[in-house]
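Student: My questions concern the predicted model and sequence given below.
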Amino acid sequence: GMYSIEFMKRNPEMEVVLMDYPKVIPITEKYMEQAKLNTNNYRFIAGKVKDDDFESGFDLIYASFLFEEFTIWENMDIMRKCFNSLNKGGRLIIHENFINNDRTSPVHSVVYSLNLKLHTENGNTFSENDYWIMLKEAGFQKVDNLVTDYGTILIRGTKTY
């Protein structure tokens with residue numbers, strides 16, 4: 001929920017729905033209190049993104065370090081749920097570590113990917129091409145990205161119809 005807090009600091013009238021694991025929500029609530037933000041337009045949904053249904057009518061879904069936990073097939077299912085919950089013109093923005101197409105660099109991403117393989121059931125680090133394919137298969141018509149200065153990537157999928 002840290003990104004949603006920063007988004008709300010910049011746009012206090014924004015309506016936010018945060019879906020996270022039940023054990024994480026109380027931590028986010030503490031951060032909300034510390035930030036002294038108006039929580040009237042902030043709603044929590046305790047759940048599991050892979051298993052639970054999504055609400056509809058969203059203009060933006062921001063997913064940070066989410067898709068690294070799942071297989072490419074599970075990710076496509078989650079991205080389809082995101083696509084279906086977005087309004088026309090809505091966007092899914094994904095923030096993740098990424099690895100090059102031959103899976104050999106950048107070094108921190110290779111090490112991170114190995115760590116995911118060791119400590120998660122299906123974790124993986126995906127390439128820009130992997131995300132493009134997953135988003136296209138999920139229905140997104142426009143996909144673009146931005147590599148950050150921090151070794152991560154922002155990938156944007158837009159629902160144009």
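Tutor: Arrived safely.
Student: Skipping its backbone neighbours, what lies nearest the residue most central in space within the chain in space?
Tutor: Centroid-nearest residue in the chain, with CA atoms, centre = their mean: Ala63, separated by 1.3 Å. For Ala63, ignoring the flanking residues on the chain, the nearest one in space by CB to CB, 6 or more residues apart in numbering is Ile94 at 5.2 Å. From N, CA and C alone the C-beta is placed, and that goes for glycine too.
Student: Would you mind giving both backbone torsions of Ile153?
Tutor: phi -130, psi 140 (degrees, to the nearest 10).
Student: Double-check the residue nearest to Ala63 against Ile155; I have them as touching.
Tutor: Yes: using CB atoms under 8 Å, Ile94 makes contact with Ile155 at a distance of 4.4 Å.
Student: Need the overlap of contacts for the two.
Tutor: Common neighbours of Ile94 and Ile155, counting by CB atoms under 8 Å, 6 or more residues apart in numbering, are Tyr131.
Student: Glu13 and Gly1: what is the separation?
Tutor: Remark: distance between Glu13 and Gly1 (CB to CB, to the nearest Å) = 18 Å.
Student: So for the two, which sits in the more crowded spot?
Tutor: Gly1 (20 against 7; other CB atoms under 10 Å).
Student: helix or strand for the closest residue to that one other than its chain neighbours, which one?
Tutor: Closest residue in space to Gly1, ignoring its immediate chain neighbours: Thr28 at 3.4 Å, by CB to CB, 6+ apart. Assessed by DSSP states H and E, Thr28 sits inside helix 25-35.
Student: Just name whatever secondary elements that helix is in contact with.
Tutor: helix 2-10, strand 16-20, strand 42-46 (3 or more CB pairs under 8 Å, 6 or more residues apart in numbering; DSSP states H and E).
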